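> Any chance you can model this:
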Amino acid sequence: MIFDIEPNSEILFGEGASLRTGKRVQELGCKKVLCITDVGIKKVGILDKIVENLENAGLKVVKFTGVLPDPPDYRIEECAEIAREEEVDGVIGLGGGSSMDTAKCVNILLSNPSPITQYFGPGEGLKKETPLILIPTTAGTGSEVSIVAVVTNTENHRKGGCIGPQWMADLAIVDPELTLGLPPGITAFTGMDAFSHAAEAITSGQANPMGELQAKEAISLITKSLPVAVEDGSNLEARKDLSLAATLAGIAGIKDSMVHFGHSLAHTIGSLYHDIPHGIACALVIPEVIRNDAKAVPEKVKVIGKAMGLKFDDDLSPEEIGDRVGDTIKALNKRVGIPTAREAGIKKSDLGKIAEIAYQDETAIFAPLKLSYSDALEIMERIYEG
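Numbers count the residues shown, from 1 in each chain. Here you go, the predicted structure:
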């Protein structure tokens, strides 16, 4: 097997790491930055702390708090216009995946013409002239270390991925203390988002040993610490485990090995049901996607199960392996409070539409076996019946 080991974003990790934000951004040569986040991060005071830290380092700060979930193209364009008018020389994304993906896109639009939707797919020839700093406040999306930004095209109501090294952060600041006190629901679904990155990285058609090493550790950490953090949001050890797992899974699944059909389905569900968070969509689909993957790569599915603490007899069939691991993931979902597809609001009448869009999604090509519409529909029906 031949595979590339490419450079990652520089990562500053650990409790209190965010207190070094101003100094590190100043070292990147920035004098005036745009800090992009959502109203929730503003309300809990995290934005004010980061802004104060930046200003104490002598930086001017422009704030944008209008990030929306599954960032729509029009909101990214609005933010990019502010960045141009203010003539900022650096962009900071603070928050969950939507804030970080918005920041990635705005940073690209400072050096390349709008609209953002023209950059879906592998970006070639794109300029990146301003530093990008990403600071996650959840442990799940992995966007801080990925080469992808996901955007909702509001014209066709589909999500698209902008992919390439230009979308990587110059610096990722991962501070587990910023995740302390996250509500149980957000803790659960962001943690299962990271789990999905890791599980899909192991079973991906583009899987490699480096990605598998990181993904196995991420799955082990999530299995051990996600229920703890959901039960006790102030448990710093569990929060550290989850922050590390999210970073490892982000590198493995959205940079080295790539996610596949689980994210094809999750992207589609998110584009049709804007009130279903991406992490919930990932959690709902991953047991059945991994069950299906066992038909093609049963030994890789075993790797996932072993990372979750399972032991396997040597004479198990691929179907039995898939069932054991799929059922174990479903049990983890239930333990941390992930709703069923029906409870989340997915309609049975939409299953065909979800399948039709998902099997053509750009991440579907990384699935370990080629999927048809009927395959996608069968998986969605199993997810719905739960």
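> Hmm, residue 227 and residue 235 touching each other?
No. Look at residue 235 against residue 227 with Cβ atoms under 8 Å: they stay out of range, at 10.6 Å. All C-beta spots, glycine's among them, are computed from the backbone N, C-alpha and C.
> between those two, what contacts are shared?
Shared contacts of residue 235 and residue 227, defined by Cβ atoms under 8 Å, 6 or more residues apart in numbering, are absent.
> Residue 102 is in contact with residue 67, isn't it?
Yes. Residue 102 lies in contact with residue 67 (Cβ under 8 Å); the separation is 5.0 Å.
> shaky segments in the protein?
Per-residue confidence for the chain (pLDDT under 70) gives these ranges: 2, 5-7.
> Next up, the contacts around residue 168.
8, 9, 132, 145, 146, 147.
> In those residues, find the pair that's most separated.
8 and 132 (13.7 Å; Cβ to Cβ).
> Which elements pack onto the helix or strand hosting residue 383?
Here residue 383, judged by DSSP states H and E, is contained in helix 373-385. The contact analysis (3 or more Cβ pairs under 8 Å, 6 or more residues apart in numbering; DSSP states H and E) places helix 373-385 against helix 261-272, helix 278-293, helix 341-344, helix 351-358.
> Using a markdown table, lay out the contacts of residue 168 together with distance to residue 182 and secondary structure.
Shown next, in a markdown table, are the contacts of residue 168 (distance: Cβ to Cβ, whole Å; DSSP: H, G, I helix; E, B strand; the rest coil):
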| residue | distance to residue 182 | secondary structure |
| --- | --- | --- |
| 8 | 25 | coil |
| 9 | 23 | coil |
| 132 | 24 | strand |
| 145 | 19 | helix |
| 146 | 21 | coil |
| 147 | 26 | coil |
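> for these, which one is nearest residue 343?
Looking across the contacts of residue 168 and measuring by Cβ to Cβ, the closest to residue 343 is residue 146, at 29.3 Å.
> Of residue 8 and residue 132, which one has the most company?
Neighbours were counted for residue 8 and for residue 132 using other Cβ atoms under 10 Å; residue 132 has more, 26 against 17.
> Quick one: residues contacting the more buried one.
By Cβ under 8 Å, 6+ apart, the contact list for residue 132 reads 90, 91, 92, 93, 103, 104, 107, 168, 169, 170, 171.
> Could you save these as JSON lines and add columns showing distance to residue 307 and secondary structure?
Converted to JSON lines, the contacts of residue 132 look like this (distance: Cβ to Cβ, whole Å; three-state DSSP):
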{"residue": "90", "distance to residue 307": "38", "secondary structure": "strand"}
{"residue": "91", "distance to residue 307": "35", "secondary structure": "strand"}
{"residue": "92", "distance to residue 307": "34", "secondary structure": "strand"}
{"residue": "93", "distance to residue 307": "30", "secondary structure": "strand"}
{"residue": "103", "distance to residue 307": "31", "secondary structure": "helix"}
{"residue": "104", "distance to residue 307": "29", "secondary structure": "helix"}
{"residue": "107", "distance to residue 307": "34", "secondary structure": "helix"}
{"residue": "168", "distance to residue 307": "26", "secondary structure": "coil"}
{"residue": "169", "distance to residue 307": "27", "secondary structure": "coil"}
{"residue": "170", "distance to residue 307": "31", "secondary structure": "coil"}
{"residue": "171", "distance to residue 307": "29", "secondary structure": "strand"}
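> Select only the buried ones of those in PyMOL?
Those of those that count as buried under 16 or more other Cβ atoms under 10 Å are selected in PyMOL with:
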select buried, resi 90+91+92+93+103+104+107+168+169+170+171
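> Among the contacts of residue 132, which one lies nearest to residue 338?
Among the contacts of residue 132, and counting by Cβ to Cβ, the member closest to residue 338 is residue 93, at 26.0 Å.
> Would you verify that residue 225 is located in a strand?
No. Read with DSSP: H, G, I helix; E, B strand; the rest coil, residue 225 is helix and lies in no strand.
> wait, doesn't it sit right on residue 236?
No. Under the criterion of Cβ under 8 Å, residue 225 is not in contact with residue 236, lying 10.8 Å apart.
> Residue 384 is in contact with residue 348, correct?
Yes. Between residue 348 and residue 384 there is a contact under Cβ under 8 Å: 6.1 Å.
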